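Asks: what's the 3D shape of this:
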Amino acid sequence: MSFKTKTKKITKQIGDKLLITRAIDSSSSASLIKFLKGQGIETLYFLALFLFAAGLINGMIEGSRPQVQSYMIFPQRGIQTIPETFVYIFTIATGSIGLYLINLGGLEKVKKRVSNFYVVLGFSTVIFALAMTLYIFSVKI
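Replies: Numbering: from 1, shown residues only. Below you'll find the predicted structure:
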């Protein structure tokens, strides 16, 4: 196999895995529906879960007050600013990634050395997310 055909084959394989390439495809509506039936609903569910758990609605309602807009984290428990919402989203995503890495470390099909790395990295990201959350709580109280 020549270099040109090999690179075409590799780029086609990479392109097939990207959602953007699927959506631009001539049968974009069929592939988009296929994606939504598969992983799309799960992705939208997790995105909505992160946004609501981080307090997006509360941040939009309470964070639009004029006296609150100058703060990154408002030092009161009842009010949440919009930037604070994004910090919470980042914290929740970091903790979730850490738990996923711990899960990867527990799989049997991963080598022992890589498994230990996943577990250590997972625990460190979870501890980082907990530290960020506790710091935000300490500022708010």
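Asks: and the closest residue to residue 79 other than its chain neighbours, what is it in contact with?
Replies: In this structure, residue 79 finds its nearest non-sequential neighbour in residue 62, 4.6 Å apart by C-beta to C-beta, 6 or more residues apart in numbering. (C-beta placed from N, C-alpha, C; glycine too.) For residue 62, the contact set (C-beta atoms under 8 Å, 6 or more residues apart in numbering) comprises 68, 78, 79, 80, 81.
Asks: Return the set of buried residues in stretch 91-103.
Replies: 91, 92, 94, 95, 96, 98, 101, 102 (16 or more other C-beta atoms under 10 Å).
Asks: Look up how far residue 114 lies from the last one.
Replies: It refers to residue 102. 13 Å (C-beta to C-beta, to the nearest Å).
Asks: Check the average confidence over the one helix or strand residue 41 maps to, would you?
Replies: Residue 41 belongs to helix 41-53 when elements are defined using DSSP states H and E. Averaged across helix 41-53, the pLDDT comes to 76.
Asks: Then stretch 96-107?
Replies: On average, stretch 96-107 scores 89.
Asks: sec struct for residue 75, please.
Replies: coil (DSSP: H, G, I helix; E, B strand; the rest coil).
Asks: No more questions from me, cheers.
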